[in-house]
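got a structure for you, letters missing:
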């Protein structure tokens, strides 16, 4: 054990309480500064990670990680079908990074009751459609197994639609579809009501079987609006890599491949701003904790001026005495970090399992504050905070070199 560490520990844990009447409040304030700063940083990181993951997972659950559409349809904004024959589906499934691929067909229509009506988009899905996400967001009924080969006359609508048209699960509703051939009517039974809190989707998207959507569009069984691809790695980088691999696979065809960020650039740009806010908050908290520690250590050094002079008269050099106070600061930082971890992680775990902090779903897409605890990131954050603040403490320790042994012995 080094002399510097031993002396710093005795100064921190021992000493005459009467002589430490000044340093005790300074130590407590410095400890509180580090604890509060780290607590805010932990909560900010966990909430930002949780919010980004929740929104991206919702968009991915509704639209897939990568979309494949007819290039002409995207270029001119028409509901032009794309051929989804077995050879194309096999090529897409075998592409690197693809976990699942599913067809979908859309057709615009109007839901009408005796009192009101609403224009919506019907998304026709079949047996290959992964209904896990919609099923997990149902508030009433069930997500039925839709078919590619027969009409079920069932429909899943959103909570917004149900409230606007005063519809309930199990009721029947008429839908009208306008095309070049005139107006066609279909009568559907509502088998489920979902709510994702993604208003862009909830206001317009209803689910029915692929067979009905294709028949209304006048398409053949091998035609659809597009393909939704689920990537094995659903991170931003994984989606882009999957999209690039699919572009290489489908090069030379009339298919356009777009990742989720290409389909919804506004949402991803908005989420990207959260990263900037995160770095600003982290920088501010490090500054607050650092300046609190500087103030506390300056007070402690000034209070121990006589001791510093005595050590110098006994032959200690400035570097040795600085190490004593840096170790002293490390004890303060260590306790502050421990308290900050307990408070920050405790809040995050409590929110994760109880959801006691709520949000306005209309504005934030989710009804509670989401939390994701990345333990490797938490360890890195702790180490970074400790290292940065210890390096900052070198600044006030430089005052030790200005203390004269002769003058310090007369210091009161």
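Sure thing, it's come through. Note that this is a predicted model, so its numbers are computed, not measured.

list the buried residues of the helix or strand that residue 267 is a member of.
Assigned by DSSP states H and E, residue 267 falls within helix 265-303. Neighbour counts over helix 265-303 (16 or more other CB atoms under 10 Å) mark 267-268, 271, 274, 278, 281-282, 285-286, 289-290, 292-294, 296-297, 299-303 as buried. Backbone N, C-alpha and C define where each C-beta goes, glycine included.

any idea which helix is longest in the protein?
The longest helix of the chain (DSSP state H) is helix 23-63.

which other helices and strands does the very next helix or strand once past that one contact?
Using DSSP H and E, the helix or strand that directly follows helix 23-63 along the chain is strand 66-70. If you count contacts as 3 or more CB pairs under 8 Å, 6 or more residues apart in numbering; DSSP states H and E, strand 66-70 packs onto strand 82-83, strand 226-231, helix 236-249, strand 255-259, helix 260-263.

now the spatially most central residue of the chain, nearest residue through space, not along the chain?
For the chain, residue 52 is the residue whose C-alpha lies nearest the centre (CA atoms, centre = their mean; 2.3 Å). Nearest residue to residue 52, sequence neighbours excluded (CB to CB, 6 or more residues apart in numbering): residue 271, at 5.1 Å.

equivalent analysis for residue 85, please.
Spatial nearest neighbour of residue 85, excluding adjacent residues (CB to CB, 6+ apart): residue 222 at 5.1 Å.

do you know how far that neighbour is from residue 139?
Distance, residue 222 to residue 139, using CB to CB, to the nearest Å: 35 Å.

who's more crowded, these two?
Relative neighbour count places residue 222 above the other of residue 222 and residue 139, with 15 against 12, counting by other CB atoms under 10 Å.

residue 84 is in contact with the more buried one, correct?
Yes - Residue 222 is within contact range of residue 84, at 6.1 Å (criterion: CB atoms under 8 Å).

please parse this structure into its domains.
Using automatic domain parsing, the domains assigned to the chain come out as 3-58+268-408, 66-233.

how about the ones you listed, which one is nearest residue 254?
Across these, residue 254 has its closest neighbour in domain 66-233 (5.1 Å, CB to CB).

before we move on, back to that, got the angle for the helix holding residue 267 vs helix 23-63?
With axes from the mean of the first three to the mean of the last three CA atoms, to 10 degrees as the basis, helix 265-303 and helix 23-63 are set at 170 degrees to each other.

so which elements touch helix 265-303?
Contacts defined by 3+ CB pairs under 8 Å, 6+ apart place helix 265-303 against helix 23-63, helix 318-354, helix 375-392, helix 394-397.

report the angle between the next helix or strand after it and helix 318-354.
Next in sequence after helix 265-303, counting helices and strands by DSSP H and E, comes helix 305-313. Put simply, helix 305-313 runs at 130 degrees to helix 318-354, going by the same axes, to 10 degrees.

and helix 305-313, what's buried?
Buried, per 16+ other CB under 10 Å, within helix 305-313: 305, 307-309, 311-312.

just give me how far it sits from the chain centre.
53 Å (CA atoms, centre = their mean, to the nearest Å).

what's the mean pLDDT across that helix?
For helix 305-313, mean pLDDT rounds to 75.

same for it, what does it pack against?
Here helix 305-313 touches helix 318-354, helix 405-408, going by 3+ CB pairs under 8 Å, 6+ apart.

so can I have JSON lines of these showing distance to residue 166?
Shown next, in JSON lines, are these (distance: least, CB to CB, whole Å):
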{"stretch": "helix 318-354", "distance to residue 166": "34"}
{"stretch": "helix 405-408", "distance to residue 166": "84"}
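
mind putting the domains of the chain into CSV with distance to residue 256?
Compiled in CSV, the domains of the chain are given as follows (distance: least, CB to CB, whole Å):
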stretch, distance to residue 256
domain 3-58+268-408, 18
domain 66-233, 4
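
weakest of those in terms of mean pLDDT?
With a mean of 83, domain 3-58+268-408 has the lowest mean pLDDT of the domains of the chain.

how far does that one sit from its chain's centre?
Relative to its parent chain, domain 3-58+268-408 has a centroid offset of 25 Å by CA atoms, centre = their mean.

again, but for stretch 58-68
Centroid separation for stretch 58-68 versus its chain: 16 Å, with CA atoms, centre = their mean.

got a list of what the closest residue to residue 250 other than its chain neighbours touches?
In this structure, residue 250 finds its nearest non-sequential neighbour in residue 257, 6.2 Å apart by CB to CB, 6+ apart. Residue 257 makes contact with 66-68, 243, 246-247, 250, according to CB atoms under 8 Å, 6 or more residues apart in numbering.

check residue 78 too.
residue 72.

ok, back up a step: tell me how far the residue nearest to residue 85 lies from residue 11.
Using CB to CB, we find residue 222 at a distance of 81 Å from residue 11.

spell out the secondary structure type for residue 155.
Following DSSP: H, G, I helix; E, B strand; the rest coil, residue 155 is assigned to strand.

quick one: residue 162 and residue 193 touch, right?
Yes - Residue 162 is in contact with residue 193 according to CB under 8 Å; the separation is 5.0 Å.

hey, what's in contact with both of these two?
In contact with both residue 162 and residue 193: 140, 168, using CB under 8 Å, 6+ apart.

once you drop chain neighbours, what's closest to residue 393?
Residue 393 sits nearest to residue 329 (CB to CB, 6+ apart), 4.3 Å away.

residue 29 - how many residues pack around it?
Using other CB under 10 Å, residue 29 has 16 neighbouring residues.

sorry, back to before: so which of the helices and strands packed on helix 305-313 is the most packed in?
Per-stretch averages of neighbours, counted by mean count of other CB atoms under 10 Å, single out helix 318-354 among these, with a mean of 19.

contacts for the helix or strand just after that helix, please.
Using DSSP H and E, the next helix or strand after helix 318-354 towards the C-terminus is helix 361-364. Residues from elsewhere that reach helix 361-364 (CB under 8 Å, 6+ apart): 51, 197, 199, 367.

one more pass at 7 Å, please.
197, 199, 367 (CB atoms under 7 Å, 6 or more residues apart in numbering).

okay if I get the buried residues of helix 305-313 as CSV plus distance to residue 47?
Shown next, in CSV, are these (distance: CB to CB, whole Å):
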residue, distance to residue 47
305, 44
307, 45
308, 44
309, 49
311, 47
312, 49
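
which SSE is residue 101 in?
Using DSSP H and E, residue 101 falls within strand 98-112.
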